[in-house]
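1. Sequence and computational prediction follow.
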Amino acid sequence: MTDKPSPVEFKTDRIVCIDRENLHLFAEVIDIISVSSRCWVKPLAIAKSTPESFKLEFLHDLRDAAQLILPTEIFREALDTEVLPLISELFHPATNSIRSTNAQKVLYQFISDLYRLS
C-alpha cells in the first residue's frame, strides 16, 4: 500500500501497522502528537505473513511491551482482514501456536532494523 492516510485520519483506538518485508508490527493508537507528526501507540503483535494472503505464521505477542512514539508517516491503517485473525489469535490462541518468549527484545530489534534500513 502506497497511499498512507494523513495523521489527521488516524483516530485513537484504531489499529495501525508498520510493514517491513514480510513482518508486520500491529499497534493500537493511543494519541496523535500533531505538533511533531508522531503517533503514540501500544504495540499488540509482530506477525509474519505470506505474500499471497495474510496468514499468521508466527506471532510475537507484544501486549506487555513498552509503548512507542514514532513518526506517523511510517504507519498505515491496518485492514480488517489482517486485524480479525490477529485479534483472534491473540485472545484465543490455537493449541499448536508458537509464541515468542522474548517479545520486548523482538520489538526492539524490529524498530532498530526499521531505522537502520531506512
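-> Perfect, thanks for sending it.

2. And the longest helix seen in the chain, what's buried?
-> Among the elements of the chain assigned as helix by DSSP state H, the one spanning the most residues is helix 103-117. By neighbour count with 16 or more other C-beta atoms under 10 Å, helix 103-117 contains the buried residues 103, 106-107, 110-111, 114. In short, each C-beta sits where N, CA and C put it, glycine included.

3. Quick one: the strands in this structure, in order.
-> Counting by DSSP state E, the segments of the chain that form strands are 15-20, 23-33, 38-48, 58-61, 68-71, 76-77.

4. Worst mean pLDDT among those strands?
-> Averaging pLDDT over each of the strands of the chain singles out strand 58-61 as the lowest, with a mean of 82.

5. so what does it touch, helix or strand wise?
-> Taking 3 or more C-beta pairs under 8 Å, 6 or more residues apart in numbering; DSSP states H and E as contact, the helices and strands that strand 58-61 lies on are strand 38-48, helix 80-91, helix 103-117.

6. And those: which comes nearest R20?
-> Relative to R20, the nearest member of these by C-beta to C-beta is helix 103-117, separated by 5.7 Å.

7. which residues sit against the closest one?
-> The set of residues that contact helix 103-117 without belonging to it, under C-beta atoms under 8 Å, 6 or more residues apart in numbering, is 18, 20, 23, 25, 43, 46, 60-62, 64-66, 68, 70, 74, 100.

8. Could the C-alpha coordinates of it be exported in PDB?
-> Below are the C-alpha coordinates for helix 103-117, written out as PDB (Å, rounded to 0.1, in the frame of the first residue of the first chain):
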ATOM      1  CA  ALA A 103       8.800 -10.100  22.800                       C
ATOM      2  CA  GLN A 104      10.400  -7.000  24.100                       C
ATOM      3  CA  LYS A 105      13.700  -7.900  22.500                       C
ATOM      4  CA  VAL A 106      11.900  -8.700  19.200                       C
ATOM      5  CA  LEU A 107      10.200  -5.300  19.300                       C
ATOM      6  CA  TYR A 108      13.500  -3.600  20.000                       C
ATOM      7  CA  GLN A 109      15.100  -5.400  17.100                       C
ATOM      8  CA  PHE A 110      12.200  -4.700  14.700                       C
ATOM      9  CA  ILE A 111      12.400  -0.900  15.500                       C
ATOM     10  CA  SER A 112      16.200  -0.900  15.200                       C
ATOM     11  CA  ASP A 113      16.100  -2.700  11.800                       C
ATOM     12  CA  LEU A 114      13.400  -0.300  10.700                       C
ATOM     13  CA  TYR A 115      15.600   2.800  11.300                       C
ATOM     14  CA  ARG A 116      18.800   1.100  10.100                       C
ATOM     15  CA  LEU A 117      17.200   0.100   6.800                       C
END
